[in-house]
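Trainee: What follows is a predicted structure for the sequence shown.
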Amino acid sequence: MTTDITILTFNAMAVAFIHTVIGPDHYVPFIVMSKARNWSFMRTAMITLACGIGHVASSVILGMAGFAVGASLRHLEWIESFRGGIAAWALIIFGALYAAWGLWRLKRKGPDGHSHDHLIRLHSHDHIHDPKTGAEISLTPWILFAIFVFGPCEPLIPLFIYPAATSGWAGAWLVSAAFAVVTVASMMVLVLAARFGLEWLPARRLARYNHVFAGGTIAIAGLMIQFLGL
């Protein structure tokens, strides 16, 4: 491994960490949805892991395909920017719709002052049924996964193209792997640490608003990505 690739690998790891921390879309949706939908820590970790891998893999595939066909870095970065805009709007729309569903859910409280969850689950349309077993399949993790696969890792494209052009595919894969591992690991640490911290908050009185809060927070995160460029 050359000195240039070593330096670039460590730079990729630093960029991955900073990119993840300053981008609320990398962890906020998982934190608030985990709390709102009462996911276990294992389920939260698995969903975050899957979305993180899909998020990074899509940019690696784009970079690999672009380099193979001789696409310019500027062209690939434009594609990533375009994807980023769509992914941000997808977060905004998903968050707004989920918050609206949360408000609708509140209105379905019975006269005894308690939520009739069996009625809510019946009409919430947040799941589908397996045609073979009839088991419920929650749509929320799949929606998040689709958004994250489409969402780009903009810093990864130049980090992939440069070593591919100067040191071959081995250097490109090494840098990409370092970036991917740090990105996904950072996502999981941030999500699980925050999720653990939320368990200690005395917010039982506000629990009925969890879905509204989760949807609103995701929409705000999307707005920050779209208009503040985070």
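Mentor: Received the coordinates, thanks. Residues are numbered from 1 along each chain as shown.
Trainee: which secondary element of the protein has the worst mean pLDDT?
Mentor: Ranked by mean pLDDT, DSSP states H and E, the weakest helix or strand in the chain is helix 117-123, scoring a mean of 42.
Trainee: So residue 191 sits against residue 46, correct?
Mentor: No - Residue 191 lies out of contact with residue 46 (CB atoms under 8 Å); the separation is 11.2 Å. Using the backbone N, CA and C atoms, a C-beta is placed for each residue, glycine as well.
Trainee: Comparing these two, which residue is more hemmed in?
Mentor: residue 191 (26 against 14; other CB atoms under 10 Å).
Trainee: Now the more buried one: which helix or strand?
Mentor: Per DSSP states H and E: residue 191 is located in helix 169-198.
Trainee: immediately after that helix, which helix or strand?
Mentor: Helices and strands here follow DSSP H and E; after helix 169-198, the next one along the chain is helix 210-228.
Trainee: packing partners for that next one?
Mentor: With contacts taken as 3 or more CB pairs under 8 Å, 6 or more residues apart in numbering; DSSP states H and E, helix 210-228 sits against helix 28-36, helix 73-107.
Trainee: Tabulate the ones you listed (CSV), appending distance to residue 182.
Mentor: As requested, these are arranged in CSV below (distance: least, CB to CB, whole Å):
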stretch, distance to residue 182
helix 28-36, 17
helix 73-107, 19
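Trainee: The ones you listed: lowest mean pLDDT?
Mentor: By mean pLDDT, the lowest-scoring of the helices and strands packed on helix 210-228 turns out to be helix 73-107, with a mean of 88.
Trainee: tell me which residues of it are tucked away?
Mentor: Neighbour-count burial for helix 73-107, counted by 16 or more other CB atoms under 10 Å, picks out 73, 76-77, 79-80, 83-84, 87-88, 90-92, 94-96, 98-99, 101-102, 105.
Trainee: Kindly report the same for stretch 151-159.
Mentor: Applying a neighbour-count criterion of 16+ other CB under 10 Å, one finds 151-157, 159 buried in stretch 151-159.
Trainee: Between these, which sits nearest residue 199?
Mentor: The nearest member of those to residue 199, counting by CB to CB, is residue 151 at 28.0 Å.
Trainee: Does the closest one touch residue 81 like I think?
Mentor: No - when contacts are counted by CB under 8 Å, residue 151 is not listed as touching residue 81 (11.6 Å).
Trainee: Give me the angle between the helix or strand encompassing residue 45 and helix 169-198.
Mentor: Using DSSP H and E, residue 45 sits within helix 41-69. On the basis of axes from the mean of the first three to the mean of the last three CA atoms, to 10 degrees, helix 41-69 is oriented at 160 degrees to helix 169-198.
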